[in-house]
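In: Predicted coordinates and the sequence they were generated for:
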Amino acid sequence: MDCCQQYGDVSLKAIALLFGLTHAGSVSPAVQAIQRLLNPGELQRQVQSI
């Protein structure tokens, strides 16, 4: 989703359809979650909390 939005110039509606989401508004929170995980150390912090 993140790559589609950043590099593909794909609309939120199209991304939602591609990933089987019912609303385009679901894409932004999912992309934000992905970006948080990609931040250095964030994934490691989450794994350690588990």
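Out: Yep, that arrived.

In: Out of the helices and strands in this protein, which is least certain?
Out: helix 42-49 (a mean of 74; mean pLDDT, DSSP states H and E).

In: Check which helices and strands that one is in contact with.
Out: Judged by 3 or more CB pairs under 8 Å, 6 or more residues apart in numbering; DSSP states H and E, the packing partners of helix 42-49 are helix 27-38. In short, each C-beta sits where N, CA and C put it, glycine included.

In: 6 Å - rerun?
Out: Where contact means 3 or more CB pairs under 6 Å, 6 or more residues apart in numbering; DSSP states H and E, helix 42-49 is not packed against any helix or strand.

In: quick one, that helix and helix 27-38 angle?
Out: 80 degrees (axes from the mean of the first three to the mean of the last three CA atoms, to 10 degrees).

In: what's the distance between helix 42-49 and the middle of its chain?
Out: 18 Å (CA atoms, centre = their mean, to the nearest Å).

In: contact partners of it?
Out: Arg36, Leu37 (CB atoms under 6 Å, 6 or more residues apart in numbering).

In: Same check on stretch 17-27?
Out: Outside stretch 17-27, the residues that touch it by CB under 6 Å, 6+ apart are Leu12, Lys13, Ile15, Ala16.

In: mind listing what the third one touches?
Out: The contact partners of Ile15, taken as CB under 6 Å, 6+ apart, are Met1, Cys4, Val27.

In: Which of the three states applies to it?
Out: What DSSP: H, G, I helix; E, B strand; the rest coil gives for Ile15 is helix.

In: Distance to Gly41 for the contacts of Ile15 - can I get that in CSV?
Out: Shown next, in CSV, are those (distance: CB to CB, whole Å):
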residue, distance to Gly41
Met1, 22
Cys4, 25
Val27, 25
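
In: Could you save the residues you listed as CSV and add columns showing pLDDT?
Out: Output for those, formatted as CSV (pLDDT from 0 to 100):
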residue, pLDDT
Met1, 88
Cys4, 88
Val27, 92
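
In: Contact partners for the most centrally placed residue in the chain?
Out: Nearest to the centroid of the C-alpha atoms of the chain, with distances taken as CA atoms, centre = their mean, sits Val31, at 2.1 Å. Shown in contact with Val31 (CB under 6 Å, 6+ apart): Met1, Asp2, Gln5.
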